[in-house]
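Chemist: here's my sequence, what's the structure:
(2 chains)
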Number of protein chains: 2
Amino acid sequence: MKDKNQREEKREILIDIIEDNETVLFTTISLSGNIHSRPMSYQDVEFDGDLWFMTRKDTSKYDEILKNPKVNIGIFDDSYASIAGTATIVEDDARKKEYWNKFYEKLFDTNYDDPMLVLIKVHVETAEYWETGNFTKSVVNFVKQVVGNEDHVKEEDDVNASVEL
Amino acid sequence: MKDKNQREEKREILIDIIEDNETVLFTTISLSGNIHSRPMSYQDVEFDGDLWFMTRKDTSKYDEILKNPKVNIGIFDDSYASIAGTATIVEDDARKKEYWNKFYEKLFDTNYDDPMLVLIKVHVETAEYWETGNFTKSVVNFVKQVVGNEDHVKEEDDVNASVEL
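Modeler: Residues are numbered from 1 along each chain as shown, chains lettered A, B, ... in the order given. Have a look, this model is predicted:
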């Protein structure tokens, strides 16, 4: 039970760090293998570990995700987080409508049902975070192992906790 | 001349953005292909485009750089920057001594000539930045083309300038 509580506490801290930051650094690997990032706003955090973004098909990240779905969400504020996951392009008008707002309307200069607009779903696999003023890394894994009818979450938090600078 | 001035102006803006931030997000590709980042402080900016960091050999980024030297320096403040480059591990006691300070002494709990301490030199290839409140990306390339006795810097700034969110 102690392990489960520690795991939940770490997830709660991570979600707090994410929710404190509307804008994150969204990092992809380019077709030539270079690492690129850009500021992006996420739309939704579902914690079992999915983050949702909206973009256009004529952006470099759309092509990059189709070629290599490994992405990173970086948070750089009073606290830091490095969230590694796999991105999927999702075309879902109902969900686009749900996330649509005045800011998007102005930014994209179109309506939510424009087929050029797509959603990016990032399934988080590992998140590392450093709380304010703390150089010790905490690690949260989101790898689910299905055993029988239950989902078990594999945790390696303590093993990976380390100082890295 | 106009192009040259624009290029120099962009580099100056980029250097200002870097120098406003002692701590950056240092991103590497892990052995399994995941993208990982961690906060790091740089020691020096040499602009023709080299950034210097110090680390220990027993960190994940040391192993990752030896396997895949592509890295990214992310800046996430009032302005944003994504700086893509190639990292080299450098063992140079004279330079380590030059960068050594009280903070390092406390952090690493050793002396500058400890062989476990190495320098990371990041040679910048492309930098993209977004100035405060501006969603338009500016691109600076650091690719040098040696023609005769002169260095010419290839620029594709205007072609790449675009909005991406």
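
Chemist: going forward, measure contacts between C-alpha atoms and count neighbours the same way
Modeler: OK.

Chemist: any stretches of chain A with poor pLDDT?
Modeler: A:1-2, A:47, A:143-165 (pLDDT under 70).

Chemist: longest strand of it?
Modeler: The longest strand of chain A (DSSP state E) is strand A:117-130.

Chemist: contacts for that one?
Modeler: For strand A:117-130, contacts defined as Cα atoms under 8 Å, 6 or more residues apart in numbering or on different chains pick out A:14, A:49-57, A:71, A:79-92, A:96, A:136-143.

Chemist: give me the next element, helix or strand, following that strand.
Modeler: strand A:138-141 (DSSP states H and E).

Chemist: list buried residues within the contacts of strand A:117-130.
Modeler: A:14, A:49-56, A:71, A:79-90, A:96, A:137-143 (16 or more other Cα atoms under 10 Å in any protein chain shown).

Chemist: which SSE is immediately downstream of the longest helix along chain A?
Modeler: Using DSSP state H to define each element, chain A has its longest helix at helix A:2-19. Per DSSP H and E, the first helix or strand lying C-terminal to helix A:2-19 is strand A:23-29.

Chemist: list of residues touching that next one?
Modeler: A:35-42, A:61, A:64-65, A:68-76, B:35, B:74, B:76.

Chemist: please list all residues in contact with the nearest residue in space to A:A127 that is not next to it in sequence.
Modeler: Nearest non-adjacent residue to A:A127, counting by Cα to Cα, 6 or more residues apart in numbering or on different chains: A:I83, 4.2 Å away. By Cα under 8 Å, 6+ apart, A:I83 lies in contact with A:N72, A:I73, A:G74, A:V124, A:E125, A:T126, A:A127, A:E128, B:H36.

Chemist: you'd agree A:H36 is up against B:N72?
Modeler: Yes: with contact defined as Cα atoms under 8 Å, A:H36 and B:N72 form a contacting pair (6.8 Å).

Chemist: list residues touching both of the two?
Modeler: Here A:H36 and B:N72 have B:S82, B:I83, B:A84 as joint contacts, going by Cα under 8 Å, 6+ apart.

Chemist: the buried ones among the contacts of strand A:117-130 in strands, which ones?
Modeler: In this view, these that belong to strands under DSSP E are A:50-56, A:71, A:80-90, A:138-141.

Chemist: chain B contacts on chain A?
Modeler: Counting by Cα under 8 Å from any Cα of the partner chain, the residues of chain A close to chain B are A:25, A:27, A:33-41, A:55, A:59, A:70-72, A:74-77, A:80-85, A:164-165.

Chemist: try it again at 6 Å.
Modeler: With Cα under 6 Å from any Cα of the partner chain as the criterion, chain A comes near chain B at residues A:I35, A:S37, A:M40, A:N72, A:F76, A:S82, A:A84, A:L165.
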